[in-house]
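Asks: coordinates for the following, if possible.
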Amino acid sequence: MQFLKPRVLLLITIAAHITVRTAVAQGSSAASDRIISHISFLADDAREGRGVGTTGLEDAAEYIAERFAEIGLQGGTADGFLQRFVISPTAPAAAHTGIGGVAVSNVVAIIPGRGSLRGQAVVVGAHYDHLGYGGFGSLDPDSVRVIHNGADDNASGTAALIEVARQIQARDGERVRSVVFVAFTAEEAGLIGSDYYVKNPIVPNDSTFAMLNMDMVGYLTDDRLTAFGAETAEEFSSLLESINVDYRFRISAIGDGYGRSDQQSFFVQKIPVLHFFTGTHENYHRTTDDADLINADGIARVASLVADLTWNLATRTEPLTFVDAAPPQVATSGGYGAYLGTIPDMSDSPGGVRLTGVRSGSPADQAGIRAGDIIIQIATFEVADLYAMTDALRALEPGDTVAIKVRRGDEVIEVEATLGRRGG
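Replies: Residues are numbered from 1 along each chain as shown. Have a look, this model is predicted:
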């Protein structure tokens, strides 16, 4: 090679940087175009706000399945991409919404693993439902029977999910965990879709390495990105920091795995989780959450970071160190009155209140109550559902020692608990 003068070498270096930046920009632009196309479909008035029980929600599920198929993913169920189920008429979440008995579907796709890691999986998810025509959950109280399009909540996360799937499908490796992509239904009604999935997983929960959730990633501002759940694995903070070197987000990596989104369903199964979120805004749960307000370039960047993180987790040979956390008291049978320290399963009421967990050190924990138990009686109060349990705790006082009957498998067990004071 001929010796080049410093000025010529400098010009070549600058040109190379411009070429790389142009290629990245073009890739980002193409991803942004795909993302806004997905959101424009999902958040169109024709989708009826993707409310449970609407034709629009069914159309959205079919659309997502078609995109997964176009990318080249395999369907995750025996029936293809749709994991169909019926919402229990006894689900506490159905009481205010009338969705009990409605047939719904998660959309599930898989890229099978290879080599020694193929028996494990990384799950990447986002919910695709929204509030439909308003009503319960809407922050526009005067807008009942007006379509809530939910462009950010959560057409943005769904579009990002499809983009992550596209990027992961293009990668290759000899030792890779399976990657399962799930668009969850009925999240707004109480995490019903993700709860159903963890009870009917494509890859067993004890073989699920981690779960990444994208919920409301459409309003990126000043590069601020929150990664909830960063405390659920000891390695997450440093892993996020290393991957973010190429993206330069201002990442706030905080918190445990609880929260009002689908990662909670996995966290209570002792799976490390992260929930990516670009922040709330004035259009949250309102009729104004429309596609023309979305930052598609921002979603494209978030999706690329999540894809890189997904691939890192899918190919990682070192384990993650799971870190459990006590359930927040606000998640228990709430309101006021005595405190027991339980997290109710919101998907059904099987003749009582099934629990997904108990708070460490709480009266329930000290009494030996555990996840999976079904509370059927507290003191003299029969507990048929969550509302009966709430009424019972409201009628009792902190410091009361009461008998609690739980159904555990085929047995009915009676334990004794001394009720606590909420927040104390």
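Asks: quick one: the strands in the stretch 301-424 of the chain?
Replies: Per DSSP state E, counting those that start in this stretch, the stretch 301-424 of the chain carries strands over the ranges 338-339, 342-344, 353-358, 374-378, 381-382, 401-408, 411-418, 420-421.
Asks: got those strands as CSV, with distance to L393 columns?
Replies: Using the backbone N, CA and C atoms, a C-beta is placed for each residue, glycine as well. Output for the strands of the stretch 301-424 of the chain, formatted as CSV (distance: least, CB to CB, whole Å):
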stretch, distance to L393
strand 338-339, 5
strand 342-344, 10
strand 353-358, 11
strand 374-378, 7
strand 381-382, 9
strand 401-408, 10
strand 411-418, 11
strand 420-421, 10
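Asks: of all those strands, which one is nearest T280?
Replies: Nearest to T280, of all those, is strand 342-344, at 23.4 Å by CB to CB.
Asks: same question for the closest one, mean pLDDT?
Replies: Averaged over strand 342-344, pLDDT sits at 83.
Asks: how is this structure carved up into domains?
Replies: Listed domain ranges for the chain are 34-315, 329-421 (source: automatic domain parsing).
Asks: rank those domains by pLDDT, which is bottom?
Replies: When the domains of the chain are compared on mean pLDDT, domain 329-421 scores lowest, with a mean of 85.
Asks: quick one: contacts for S143?
Replies: G134, R286, T287 (CB atoms under 8 Å, 6 or more residues apart in numbering).
Asks: ah, wrong one, I meant S207
Replies: Contact analysis of S207 by CB under 8 Å, 6+ apart lists G119, Q120, A121.
Asks: let's see it at 6 Å
Replies: Counting by CB atoms under 6 Å, 6 or more residues apart in numbering, S207 touches G119, Q120.
Asks: how near is it to V306?
Replies: From S207 across to V306, the span is 21 Å (CB to CB, to the nearest Å).
Asks: how about E382?
Replies: E382 is 46 Å from V306, by CB to CB.
Asks: quick one on the thing from earlier: nearest to F266, out of the strands of the stretch 301-424 of the chain?
Replies: Among the strands of the stretch 301-424 of the chain, strand 353-358 comes nearest to F266, with 11.0 Å by CB to CB.
Asks: which neighbouring elements make contact with the closest one?
Replies: strand 342-344 (3 or more CB pairs under 6 Å, 6 or more residues apart in numbering; DSSP states H and E).
Asks: what strands flank the strand it packs on, and is each parallel or antiparallel?
Replies: Paired with strand 342-344 in the same sheet, following DSSP bridges, are strand 353-358 (antiparallel).
Asks: what angle separates the strand it pairs with from strand 401-408?
Replies: Put simply, strand 353-358 runs at 100 degrees to strand 401-408, going by axes from the mean of the first three to the mean of the last three CA atoms, to 10 degrees.
Asks: now do strand 353-358 and strand 374-378, the angle between them.
Replies: Going by the same axes, to 10 degrees, strand 353-358 makes 110 degrees with strand 374-378.
Asks: please compute how far strand 353-358 lies from its chain's middle.
Replies: Its chain's C-alpha centre and that of strand 353-358 lie 19 Å apart, by CA atoms, centre = their mean, to the nearest Å.
Asks: now stretch 275-295
Replies: Offset of stretch 275-295 from its chain centre (CA atoms, centre = their mean): 17 Å.
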